[in-house]
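Colleague: task: produce atomic coordinates for the following.
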Amino acid sequence: MSQTVADFSHHELGEGAKVYTIGDLAREFGVTLRTLRFYEDRGLLSPRRDGTARIYDSRDRERLSVILKGKQLGFTLTEIRAMLAEERSANGPAMNLRLSLDQVEDQIRHLEQQKAEIEEALEELRTRRSSLAIAA
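Modeller: Residues are numbered from 1 along each chain as shown. Here you go, the predicted model:
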């Protein structure tokens, strides 16, 4: 008896393993299907295939959570991929962003620099907006 993707969605599948469709994860994490396919193309996610359908397991779901947390903290996908590779070699029970003090300090400096550049750009744009409003 063959199971369809609909049969897999959010159901227990042998040994208690939950599976998710691409739509399930997109809705849960508030990302687009294109984003999930992009992460797959970049080797960050590796769903099983059932024909053309992608079937994600709880490990994929956990990896997606880590990827999105890394993006939120301003890391590049290359940096996140390296962190995930380190995590895989550590065989830890739960996946997370294991950051060294140096990584945290470097990222803080990087984000502070970006913030300063954004503040400068905003100030220049506000000045230009004022000039344009006066001229109008």
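
Colleague: flag every buried residue along the longest helix seen in the chain.
Modeller: The residue-count maximum for a helix in the chain (DSSP state H) belongs to helix 101-135. Within helix 101-135, the residues that count as buried by 16 or more other Cβ atoms under 10 Å are Q107. All C-beta spots, glycine's among them, are computed from the backbone N, C-alpha and C.

Colleague: try stretch 78-90
Modeller: E79, I80, R81, M83, L84, E87.

Colleague: shaky segments in the protein?
Modeller: 1-16, 88-95 (pLDDT under 70).

Colleague: try 50
Modeller: For the chain, the stretches flagged by pLDDT under 50 are 1-13, 93.

Colleague: and the helices in it?
Modeller: 5-8, 22-29, 33-41, 58-72, 77-90, 101-135.

Colleague: contacts for the second one?
Modeller: Among residues not part of helix 22-29, those counted as contacts by Cβ atoms under 8 Å, 6 or more residues apart in numbering are 9-10, 20, 31-33, 35-37, 47, 53-54, 56, 60-61, 64-65, 68.

Colleague: for burial, what's the neighbour tally of A53?
Modeller: A53 sits with 15 neighbouring residues when counted by other Cβ atoms under 10 Å.

Colleague: show me the beta-bridge partners of it.
Modeller: With DSSP bridges applied, A53 shows beta-bridge pairing to D50.

Colleague: distance-wise, check it relative to D24.
Modeller: Distance of A53 to D24, computed by Cβ to Cβ, to the nearest Å: 11 Å.

Colleague: one more: R54?
Modeller: Taken as Cβ to Cβ, the span from R54 to D24 is 10 Å.

Colleague: and for E62?
Modeller: Remark: distance between E62 and D24 (Cβ to Cβ) = 14 Å.

Colleague: which one's more surrounded, these two?
Modeller: Using other Cβ under 10 Å, the more surrounded residue of E62 and D24 is D24, with 17 against 14.

Colleague: alright, I will stop here.
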